[in-house]
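Peer 1: coords please:
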Amino acid sequence: MARVLIVLGLVILAAGMLWPFLSQLGLGRLPGDIVIERENMTLYFPLATCLLISLLLSVALWVVNR
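Peer 2: The predicted model follows:
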């Protein structure tokens, strides 16, 4: 369990460091992402981006565990 948490932490760290480059790919602005803008508030819910990342992580973990 400790090994999984360490790897997960490293993946999150890498994603955070690479976020400026990943944002240029269009992640966070996919057609299924929900953005509601009001006068003094912006609500951003990246639904499609979360689903895509979940799918990619599921495939990666399936390949690693196989």
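
Peer 1: and the next element down the chain from the helix or strand bottoming out on mean pLDDT in the chain?
Peer 2: The helix or strand of the chain with the poorest confidence is helix 2-23; it has a mean of 85 (mean pLDDT, DSSP states H and E). Downstream of helix 2-23, the next assigned helix or strand under DSSP states H and E is strand 34-37.

Peer 1: Can you spell out which helices and strands pack onto the next helix-or-strand element following that following strand?
Peer 2: Downstream of strand 34-37, the next assigned helix or strand under DSSP H and E is strand 42-45. Applying 3 or more C-beta pairs under 8 Å, 6 or more residues apart in numbering; DSSP states H and E, we find strand 42-45 packed against strand 34-37. Where you see a C-beta, it was placed from the backbone N, CA and C, and this is true even at glycine.

Peer 1: Sheet partners, orientation included, of the strand it packs on?
Peer 2: strand 42-45 (antiparallel) (DSSP bridges).

Peer 1: on that earlier part again, from the chain's centre, how far out does the least confident helix or strand of the chain sit?
Peer 2: Chain-centre distance of helix 2-23: 10 Å, with C-alpha atoms, centre = their mean, to the nearest Å.
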